[in-house]
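Trainee: Predicted model and sequence follow; I will ask about them next.
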Amino acid sequence: MRAAARAARRRARFGAWAARLRVELARRGARLALDAPHGADFDDPPLVKVRWAPPGGGTFTLRLGRRVHLGRHTVLDLAPDRDCLLEIADEVSFGQGARVWLRGGSVRLGHRAQVRDYPLLKSDGDLRIGARVLVGHAAVLQCTREIVVGDDCGLAERVSIVDSDHGADGTDAFYLDQPLRVTPVRLERNVLVSANAVILRGAEVGANSVVAAGSVVTAGRHPGAHLIGGVPAKTLKVLGEGG
């Protein structure tokens, strides 16, 4: 009986939050498409920021699996004039202070992914985080076209992954006025990215590799089952039986 009562309170609490989300989107001319039959748990209701935009008609689609925990002080930052998708699979948990910023793209989190404290997941492309991935404290994933993090990957503290940049050419031209250069990023399964590493646009890291702390991984194919490190990062040694 107690478990049933707790579940009922959980669903009611989530339902009240979803109703407020729907109203907030409607005030900005947007819609909510909700697919969350099991609701979600949270320490406090996620804060919703719907950015000012011209009258639009965008739809925010929210899909939640079973036993999703949205943590404490989670922020959803949404663009009301564009279609956005947040898809969270079963048993995903958030820590404290996570920010999901959707500018017309999608963020998808696989089964049992863990999002630790104070990360930023920003997308106007397709950001896909696989099953059992750990997104560490203060990590930043900024997706313009496509970032794929394979199953079982680990992103340690303050890791940054970006698939675009404006560059700077040494002239007086403001860097944000420079052309935006975009190339997808892919981490295959079971890649460990150590603390403070940066993965830049166009990088592809093969399965079972380790990226050393503080490394800068530039565009190109980096082999699987290797230690990769340095600025810019290079293959340092074979791991496993080959080492």
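Mentor: It's in.
Trainee: Show me the shaky parts of this protein.
Mentor: For the chain, the stretches flagged by pLDDT under 70 are 1, 3-5, 53-56, 241-243.
Trainee: Contact partners for the spatially most central residue of it?
Mentor: With distances taken as CA atoms, centre = their mean, the residue of the chain nearest its centroid is residue 121 (3.5 Å). For residue 121, the contacting residues are 98-101, 107, 115, 127, 129, 135, 141, by CB atoms under 8 Å, 6 or more residues apart in numbering. Heads up, the C-betas are built off the backbone N, CA and C, glycines and all.
Trainee: any chance of those in CSV, with secondary structure too?
Mentor: Below are the contacts of residue 121 laid out as CSV (DSSP: H, G, I helix; E, B strand; the rest coil):
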residue, secondary structure
98, coil
99, strand
100, strand
101, strand
107, strand
115, strand
127, strand
129, strand
135, strand
141, strand
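Trainee: Redo those residues as JSON lines? Include neighbour count.
Mentor: Compiled in JSON lines, these are given as follows (neighbours: other CB atoms under 10 Å):
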{"residue": "98", "neighbour count": "23"}
{"residue": "99", "neighbour count": "17"}
{"residue": "100", "neighbour count": "24"}
{"residue": "101", "neighbour count": "20"}
{"residue": "107", "neighbour count": "23"}
{"residue": "115", "neighbour count": "26"}
{"residue": "127", "neighbour count": "27"}
{"residue": "129", "neighbour count": "26"}
{"residue": "135", "neighbour count": "27"}
{"residue": "141", "neighbour count": "23"}
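Trainee: helix, strand or coil for the residue nearest to the centre of the chain?
Mentor: strand.
Trainee: Over to residue 157?
Mentor: Once three-state DSSP is applied, residue 157 turns out coil.
Trainee: Now do the same contact list for it.
Mentor: 136-139, 195-196.
Trainee: One more pass at 7 Å, please.
Mentor: Applying CB atoms under 7 Å, 6 or more residues apart in numbering, we find residue 157 in contact with 136-138, 195.
Trainee: Among the residues you listed, name the buried ones.
Mentor: Taking 16 or more other CB atoms under 10 Å as the criterion, what is buried in those is 136-138, 195.
Trainee: Before I go, just wanted to say thanks for your time.
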